[in-house]
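Trainee: Got a predicted structure plus its sequence, pasted below:
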Amino acid sequence: MESTTVLAEITGSIATVGYGLAAIGPAIGVGIVVGKTIEGVARQPELAGRLQVLMYIGIAFTEALAFIGIATAFIFGA
Amino acid sequence: MESTTVLAEITGSIATVGYGLAAIGPAIGVGIVVGKTIEGVARQPELAGRLQVLMYIGIAFTEALAFIGIATAFIFGA
Amino acid sequence: MESTTVLAEITGSIATVGYGLAAIGPAIGVGIVVGKTIEGVARQPELAGRLQVLMYIGIAFTEALAFIGIATAFIFGA
């Protein structure tokens, strides 16, 4: 009697897919934030300092979502 | 009696899919950042230096998310 | 008595899906970079040389992410 059940030979953790999905939005978001800052500095160079402060706030809020994507793996169990 | 159940013969590591997803956003983000820099330099060529500094900051923050996508495979187990 | 149940006969490596996903972003990113270069050269033809330098920097950073998508298959095991 033989009983062989092969479900799938794919290895690795599904958490990598979770992070991959979580990284799509933040990267586009950071691109838009920095892109608009560059546009703003090109138009009003004397405001560069204030625009860069806003840029770093934008980067912080968007990047955080990707890093939470890593944290979820530990919350739900990698 | 033989009982063989094969659900899928797909091989490889799911981490490649994770990286693939993690690379979508950064590439679009870098495209937006460099695109806006080109637009800014075309409009204000004398600001090229300052705009390129912002461009490299933007590239660094966006590309990092893709490289973390490779790192997650080792964190969670490829 | 023979009892064989085959639910799916899909073969191949999941790494191809990984590369496929990794190629989405770079293609859009390169499109934006070259598109903005064309826009800039149309507006300021005398800056064509400098804008093309930025264009190749942008292409290099975005295309690299797609090629890393091929490398991941060898890193994590195709």
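Mentor: Right, received. Where do you want to start?

Trainee: what does chain A have sitting close to chain C?
Mentor: Taking CB under 8 Å from any CB of the partner chain as the contact definition, chain A meets chain C at A:10-12, A:20. Glycine gets a C-beta too; all of them are placed from N, C-alpha and C.

Trainee: Mind putting the residues you listed into a markdown table with pLDDT, secondary structure and neighbour count?
Mentor: Written out in a markdown table, the entries for the residues of chain A next to chain C read as follows (pLDDT from 0 to 100; DSSP: H, G, I helix; E, B strand; the rest coil; neighbours: other CB atoms under 10 Å in any protein chain shown):
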| residue | pLDDT | secondary structure | neighbour count |
| --- | --- | --- | --- |
| A:I10 | 82 | strand | 17 |
| A:T11 | 85 | strand | 15 |
| A:G12 | 86 | coil | 21 |
| A:G20 | 94 | helix | 32 |
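
Trainee: what's the closest of those residues to A:V30?
Mentor: A:G20 (16.2 Å; CB to CB).

Trainee: Report the contact partners of the nearest residue to the closest one once chain neighbours are set aside.
Mentor: The spatially closest residue to A:G20, leaving aside those adjacent along the chain, is B:L21, at 2.9 Å (CB to CB, 6 or more residues apart in numbering or on different chains). Listed by CB atoms under 8 Å, 6 or more residues apart in numbering or on different chains, the contact partners of B:L21 are A:17, A:20-21, A:23-24, B:69, C:21.

Trainee: For chain A, just list every one of the helices.
Mentor: Per DSSP state H, chain A has helices spanning A:15-43, A:48-76. These are given in chain order.

Trainee: so which of those comes closest to B:V33?
Mentor: helix A:15-43 (5.0 Å).

Trainee: doesn't B:I68 make contact with A:P26?
Mentor: No. Using CB atoms under 8 Å as the test, A:P26 is too far from B:I68 to be in contact (10.5 Å).

Trainee: State the distance from the residue in chain A positioned nearest to chain C to C:G58.
Mentor: Evaluated by CB to the nearest CB, chain A has A:I10 as its residue closest to chain C, separated by 5.4 Å. When CB to CB, to the nearest Å is the yardstick, A:I10 and C:G58 sit 35 Å from each other.

Trainee: For stretch A:42-54, could you pull out the residues that count as buried?
Mentor: A:42, A:48, A:51-52 (16 or more other CB atoms under 10 Å in any protein chain shown).

Trainee: Run through who's touching stretch A:55-67.
Mentor: A:19, A:22-23, A:25-27, A:29-30, A:33-34, A:37, B:54, B:61, B:65, B:68.

Trainee: before we move on, back to that, between A:P26 and B:I68, which has more neighbouring residues?
Mentor: Neighbours were counted for A:P26 and for B:I68 using other CB atoms under 10 Å in any protein chain shown; A:P26 has more, 25 against 20.

Trainee: Give me the pLDDT for the more buried one.
Mentor: The predicted structure scores A:P26 at 95 on the pLDDT scale.

Trainee: Apart from its chain neighbours, what residue comes closest to it?
Mentor: If you skip the residues right next to it in sequence, A:P26 has A:A66 as its closest partner in space, 4.1 Å away by CB to CB, 6+ apart.

Trainee: cool, A:G35 as well?
Mentor: Looking at A:G35 with CB to CB, 6+ apart, the closest residue is B:K36, at 3.6 Å.
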